[in-house]
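> model this:
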Amino acid sequence: MARTRFRSIAEQKSDPPAAIAERRRQNERAEEAVESAQAARKPSVRKPERNLSAGGLLSRIPVVRGVVAYFRDVASEMQKVTWPSREETSRLTSVVLGVTAAFAVGLGLLDAFYSWWFRQAFHADSEWIFLVVAAAVAVVVSGGYFALRRYI
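Below is the predicted model:
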């Protein structure tokens, strides 16, 4: 059965006047709550404060606001960085330079070997040297593969 706002006349006669007054007060409170909720839903129309300082002007331009926010984020992230000490920086720099030099020497030797090897391949009198070296490289590579295949 749907709730109605008013009761039938027979039900109202059976209630004492104090109960009727209490129901009216409850209905009035409920109506006030609904009205205040509706008023709270309406957006308040306030004019924004005009701040003519640099921050206020910059915050009103969307593109500039994004750039400023980016640089603020960069500054906050830079404050979170733990910078290495001078000794640690020197040690890590020497490691990087040492590894770079070792790889440069290794790649230089590999380049010298390949250039010598292919010169032998295209020289008419030393084709057999190229083939022997190719067989040796094939044996070393395949042997390395079979020896290390469980780790690959």
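
> and the helix or strand V95 falls within, which residues are buried?
V95 belongs to helix 86-122 when assigned by DSSP states H and E. By 16 or more other C-beta atoms under 10 Å, the buried positions in helix 86-122 come out as Q120. Yep, even glycine has a C-beta here, placed from its N, CA and C like the rest.

> tell me what it is packed against?
Packing partners of helix 86-122 (3 or more C-beta pairs under 8 Å, 6 or more residues apart in numbering; DSSP states H and E): helix 127-148.

> quick one: the helix it packs on to helix 86-122, angle?
Between helix 127-148 and helix 86-122, the angle comes out at 140 degrees (axes from the mean of the first three to the mean of the last three C-alpha atoms, to 10 degrees).

> tell me the mean pLDDT for the helix holding V95?
Confidence for helix 86-122, expressed as mean pLDDT, is 93.

> from the middle of its chain, how far away would it be?
36 Å (C-alpha atoms, centre = their mean, to the nearest Å).

> next one: stretch 134-152
Centroid separation for stretch 134-152 versus its chain: 42 Å, with C-alpha atoms, centre = their mean.

> what residues of it count as buried?
Buried residues in stretch 134-152, counting neighbours by 16+ other C-beta under 10 Å, are absent.

> the host helix or strand of A69 packs against which elements?
If you go by DSSP H and E, A69 is part of helix 62-80. Contact here means 3+ C-beta pairs under 8 Å, 6+ apart; on that basis helix 62-80 packs against helix 54-60.

> what is the mean pLDDT for the helix it packs on?
Mean predicted lDDT for helix 54-60 stands at 63.

> shift numbering so it begins at 39
OK, 39 is where the count begins now, so the last one is helix 92-98.

> how many other residues sit next to S164?
Neighbours of S164 under the rule other C-beta atoms under 10 Å: 13.

> show me this protein divided up by domain.
Per automatic domain parsing, the structural domains of the chain span 48-77, 139-186.

> want to throw those domains into CSV with distance to V133?
Shown next, in CSV, are those (distance: least, C-beta to C-beta, whole Å):
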stretch, distance to V133
domain 48-77, 68
domain 139-186, 11
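
> burial check on P54, number of neighbours?
Other residues near P54 number 8, with proximity taken as other C-beta under 10 Å.
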